[in-house]
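Novice: this one's structure only:
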């Protein structure tokens, strides 16, 4: 039985900024997008700022209201990547099996040991001390027998701490925690579970798997395995590329969207990237999925099949927009949008045609999309684009507020 560590760099972006600029240390600091016009969002904040009420995802103006005197700094992604590489170089001294989960988190599998309390804790402490000494950053490490509990452990004590969750004691340590602490249990899932009187991880573990499948689909079964400590998903090597099951792009807007046309512009802009990456992967989407986060951070998500498998940004955006108009009730302004091409198939797969359909416009649209993608690939993303996207998209131009969509990390 292997021992799995989950290492999480504390307040990563803010810690790097304070490391590079010692005058910021101990201050209320937030790394924010679009700091020049104060319409962005908080990407991360230092612990003094968090204690004052600043939260990740909060609009800049809300953060300044919560924390007068807050120091806002723009993100420097090249620096963050540099530190991320340095930290992973330290991890490689202890294991060759390292699975990144974003720039600041990694799972690390220790070879040839099942000793969670002894070898696992000792290695985690060695990693924690080495990261602090060589990079100036602090890290929280969870140690357990599974990826999900190692991740949970790294969240339980912050900053600069090690938490061990052995197999013999995971029920007393984990089951009393709120169900929302479990990975992939977001606000929408938490609300659905609350309707089943499922408030803790222990409640989730005790639910009937068939009931969870009916209410949450296959994700319900996955969460049931998580809660019971029976998930055996392996730590994948750094160069592992999971099969592409969907291609998506999302953004938290610099200002809330309050009408359909503003939503259309954002969806169409996001679909440009989705269409390009479908081409890169050599696949077509057979369905589209749209996720919406409103001003109060509530999530809604819908999906619908496409008439024909597609890589076209315009067709994807149109389908996503139709789905949004049919399902969203405009009770609150929209803060974030994501559009995905799902249910992929190979782009050269046979296509079933219909006798009375006119395929001429679709073929011309496909040829146009291919030409546009080729021009943009050679001369840049703004070399050619739809005229409608020249207006105010209410999106950050520095891409710092892009919603990151991690790939599937569990079976």
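Specialist: Looks like it arrived, so ask away. Only a predicted model underlies this, so the values are computations on that prediction, with no experimental measurement involved.

Novice: The protein: helices as residue ranges?
Specialist: Applying DSSP state H to the chain gives helices spanning 12-20, 47-51, 60-66, 77-91, 121-135, 147-156, 170-174, 187-194, 201-206, 209-216, 218-228, 260-281, 313-327, 360-379.

Novice: will you turn these into CSV that also has mean pLDDT?
Specialist: Below are the helices of the chain laid out as CSV (pLDDT from 0 to 100):
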stretch, mean pLDDT
helix 12-20, 96
helix 47-51, 95
helix 60-66, 91
helix 77-91, 95
helix 121-135, 96
helix 147-156, 96
helix 170-174, 96
helix 187-194, 90
helix 201-206, 97
helix 209-216, 94
helix 218-228, 95
helix 260-281, 94
helix 313-327, 95
helix 360-379, 86
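
Novice: Ok, which of the ones you listed comes nearest residue 97?
Specialist: Closest of the helices of the chain to residue 97 is helix 77-91, at 9.8 Å (criterion: C-beta to C-beta). (Each C-beta comes from the backbone N, C-alpha and C, glycine too.)

Novice: what's next to the closest one, contact-wise?
Specialist: With contact meaning C-beta atoms under 8 Å, 6 or more residues apart in numbering, helix 77-91 is reached by 7, 9, 12-13, 16, 19-20, 98, 100, 103-104, 106, 108, 127, 130-131, 134-135, 137, 139, 238, 400.

Novice: Let's see that with 7 Å instead.
Specialist: Residues from elsewhere that reach helix 77-91 (C-beta atoms under 7 Å, 6 or more residues apart in numbering): 7, 9, 12-13, 16, 20, 98, 103-104, 106, 108, 127, 130-131, 134-135, 137.

Novice: Look up how far residue 270 lies from residue 125.
Specialist: Distance of residue 125 to residue 270, given as C-beta to C-beta, to the nearest Å: 43 Å.

Novice: out of these two, which sits in the busier spot?
Specialist: residue 270 (27 against 13; other C-beta atoms under 10 Å).

Novice: who touches that one in this structure?
Specialist: Each residue near residue 270 by C-beta under 7 Å, 6+ apart is listed here: 249-251, 337, 339.

Novice: Which residue, neighbours along the chain excluded, lies closest to residue 29?
Specialist: Spatial nearest neighbour of residue 29, excluding adjacent residues (C-beta to C-beta, 6 or more residues apart in numbering): residue 46 at 4.3 Å.

Novice: And that neighbour, how far from residue 25?
Specialist: Distance from residue 46 to residue 25, counting by C-beta to C-beta: 9 Å.

Novice: And for residue 335?
Specialist: As judged by C-beta to C-beta, residue 335 and residue 25 stand 32 Å apart.

Novice: Show me which of the two is the more surrounded one.
Specialist: Comparing residue 335 with residue 25 by other C-beta under 10 Å, the one with more neighbours is residue 335, at 21 against 13.

Novice: Wait, that one touches residue 256, no?
Specialist: Yes - in this structure, residue 335 is within contact of residue 256 by C-beta atoms under 7 Å, at 5.4 Å.

Novice: Quickly list the domain ranges of this structure.
Specialist: Here the domain parsing of the chain from automatic domain parsing is 12-78, 246-403.

Novice: Can you add distance to residue 198 and give those domains back as TSV?
Specialist: Converted to TSV, those look like this (distance: least, C-beta to C-beta, whole Å):
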stretch	distance to residue 198
domain 12-78	25
domain 246-403	18
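
Novice: From what I see, residue 228 and residue 206 are in contact.
Specialist: No - Residue 228 is beyond contact range of residue 206, at 9.1 Å (criterion: C-beta under 7 Å).

Novice: Looking at those two, which is more packed in?
Specialist: Higher neighbour count among residue 228 and residue 206: residue 228, with 18 against 13, using other C-beta under 10 Å.

Novice: Not counting sequence-adjacent ones, nearest residue to the more buried one?
Specialist: Leaving out its chain neighbours, the residue that sits closest to residue 228 by C-beta to C-beta, 6+ apart is residue 205, at 4.8 Å.

Novice: got it, and residue 188?
Specialist: Nearest residue to residue 188, sequence neighbours excluded (C-beta to C-beta, 6+ apart): residue 299, at 4.6 Å.

Novice: circling back: which residues are common contacts for residue 46 and residue 25?
Specialist: Residues touching both residue 46 and residue 25 (C-beta under 7 Å, 6+ apart): residue 18.

Novice: Could you check how far the residue nearest to residue 29 is from residue 231?
Specialist: 34 Å.

Novice: Neighbour count for those two, which is higher?
Specialist: Each of residue 46 and residue 231 has its neighbours counted (other C-beta under 10 Å); residue 46 has more, 26 against 17.

Novice: close enough to count as contact, that one and residue 16?
Specialist: No - counting by C-beta under 7 Å, residue 46 stays clear of residue 16, with 11.1 Å between them.

Novice: list the contacts for the residue nearest to residue 188?
Specialist: Residue 299 neighbours (C-beta under 7 Å, 6+ apart): 186-188, 291, 293.

Novice: can you count the residues close to residue 303?
Specialist: Neighbourhood size, residue 303 [other C-beta under 10 Å]: 16.

Novice: residues contacting it?
Specialist: Applying C-beta under 7 Å, 6+ apart, we find residue 303 in contact with 287-289, 342.

Novice: ok, how many other residues are close to the closest residue to residue 15 other than its chain neighbours?
Specialist: Nearest residue to residue 15, sequence neighbours excluded (C-beta to C-beta, 6+ apart): residue 137, at 5.1 Å. Applying other C-beta under 10 Å, we find 21 residues neighbouring residue 137.
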